[in-house]
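Student: The following block contains a protein sequence and its predicted model.
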Amino acid sequence: MIELAIQDDAVFSVSDCELQRPAPSYTLDTVQQFQTDCGTETSVYWLLGADSVGDLVYWHRVEELIDSCNLAVMVRGGYEAPAFDQYASLWGTSRIEKLQRNVVETPSIDISSTVIRKRLATKGDVSGMLAPQVAEYIRQHQLYART
């Protein structure tokens, strides 16, 4: 579905490297693979929702991950950026400063995956919520349909 959603935009591509790797697959492994594949001069940005920042303390070798790439924290418009300072004693001030530099405020879009799934389950209209080719794929494969 991601391939369908981005098929008309040559700037994007899809990687299935995490599916090809034996479990467990860690974000750091993926970042390192992208750096190897693209060259170390390429900057890798890993997008992370602001609601996931609290879970970073549980991520595999998170300090090395922060050092290896740019964790870009996406903050939904109208919400506060995460309080990174609370992690300074764990990760150090330079990593906190790096995280703070990579906060990206995104527009607030009043679309939720829950609403989309509910509409699909009831054969409701999802136009304007999904790329048309993705909506068609979901309908053809009867995904999210109530049984």
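Tutor: Okay, I see it.
Student: Could you use CA atoms for every contact and neighbour count after this?
Tutor: Fine.
Student: Against residue 22, how distant is residue 97?
Tutor: Remark: distance between residue 97 and residue 22 (C-alpha to C-alpha, to the nearest Å) = 34 Å.
Student: The two: which is more packed in?
Tutor: Set side by side, residue 97 and residue 22 show unequal neighbour counts under other C-alpha atoms under 10 Å, the larger going to residue 97 at 13 against 8.
Student: Surely that one is in a helix?
Tutor: Yes: when classified by DSSP: H, G, I helix; E, B strand; the rest coil, residue 97 is found to be part of a helix.
Student: ok, it - contacts?
Tutor: Listed by C-alpha atoms under 8 Å, 6 or more residues apart in numbering, residue 97 has no contact partners.
Student: before we move on, what about residue 74?
Tutor: Shown in contact with residue 74 (C-alpha under 8 Å, 6+ apart): 47-50, 103-106.
Student: Same question for residue 46.
Tutor: With C-alpha under 8 Å, 6+ apart, residue 46 has these contacts: 31, 69-72.
Student: hmm, 6 Å instead?
Tutor: By C-alpha atoms under 6 Å, 6 or more residues apart in numbering, the contact list for residue 46 reads 71-72.
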